[in-house]
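Q: Sequence first, predicted model second:
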Amino acid sequence: MIISVIIILAMVVAGYKGYQYGFLRTFAISVGRVIIWTLAVLLAHNLGTVMQNFFTSAVNAQWSTEVGGQFIGKATEFLFSGMGFAIITIIGTLLLRIIVRGLKFINHLPLLGFTNRLAGLLLNMIMMYVTVFFTLQIIGIWPISELHVQLTHSPVAQMIMQKTPVLSRTIYEWFLLI
């Protein structure tokens, strides 16, 4: 029952935010985040190396837990790569917010604004549905019996997991057959 309430709340909030932002802003935010994270992953190590070379005498990081093999002695490199990832993500997110704010005017246009808001509601609810579906699939394989009981007794979770066969089949093919 708790999982059902959480899922319904997530869907309602997603629909509300999608209606508030509209299709173009919701789409721009989604695509922008993918681009930002991709760039951050690709460029974090390079930026981290530059920062490490610049600050190398001031910082000497150490692992807080035991690591083995090839990672011994690379704590400082890991730290600066993580900092590079954070910097790229923060700057990219700030730029994305500026761009998305520029699209706000569309929601104020008479007919186009209403259509944009309805499409945004639909898009955001679809994205939340897919997110909930993936989350339920992951929760379903965790070896925690209390979660399995909650999942089994949640009619909303069962409906999502059983009524989405195309996505289920695709996930099994991605993770098991490849």
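A: Happy to help now that I have it.
Q: what's the weakest-modelled helix or strand in the chain?
A: helix 165-172 (a mean of 69; mean pLDDT, DSSP states H and E).
Q: Verify the contact between Ile2 and Leu151 for me.
A: No. Contact between Ile2 and Leu151 fails when scored by Cβ atoms under 8 Å: they sit 10.3 Å apart. Heads up, the C-betas are built off the backbone N, CA and C, glycines and all.
Q: Which one's more surrounded, these two?
A: Neighbour tally, Ile2 and Leu151, criterion other Cβ atoms under 10 Å: the higher count belongs to Leu151, 17 against 9.
Q: chain center to the helix or strand harbouring Val12, what's the gap?
A: Under the criterion of DSSP states H and E, Val12 resides in helix 2-55. From the chain centre to the centre of helix 2-55 is a distance of 5 Å (Cα atoms, centre = their mean, to the nearest Å).
Q: Run through the neighbouring helices and strands of that helix.
A: Applying 3 or more Cβ pairs under 8 Å, 6 or more residues apart in numbering; DSSP states H and E, we find helix 2-55 packed against helix 75-102, helix 110-141, helix 145-152, helix 155-162.
Q: Can you flag the weakest of those helices by average pLDDT?
A: Between the helices and strands packed on helix 2-55, the lowest average pLDDT goes to helix 145-152, which shows a mean of 86.
Q: How far away from the center of its chain is it?
A: Distance, centroid of helix 145-152 to centroid of chain: 24 Å (Cα atoms, centre = their mean).
Q: quick check: angle from that helix to helix 155-162?
A: Regarding helix 145-152 and helix 155-162, their directions subtend 80 degrees when assessed with axes from the mean of the first three to the mean of the last three Cα atoms, to 10 degrees.
Q: so Pro155 touches Ser4, yeah?
A: Yes. The pair Pro155 and Ser4 passes the contact test of Cβ under 8 Å, sitting 6.1 Å apart.
Q: Show me which of these two is the more surrounded one.
A: Taking other Cβ under 10 Å, Pro155 and Ser4 do not tie; Ser4 has more neighbours (17 against 10).
Q: and the residue nearest to that one when sequence neighbours are not counted, how many neighbours?
A: For Ser4, ignoring the flanking residues on the chain, the nearest one in space by Cβ to Cβ, 6 or more residues apart in numbering is Val156 at 4.0 Å. Each residue near Val156 was counted by other Cβ under 10 Å, and the total is 17.
Q: Return the residues in contact with Val156.
A: 3-4, 7-8 (Cβ atoms under 8 Å, 6 or more residues apart in numbering).
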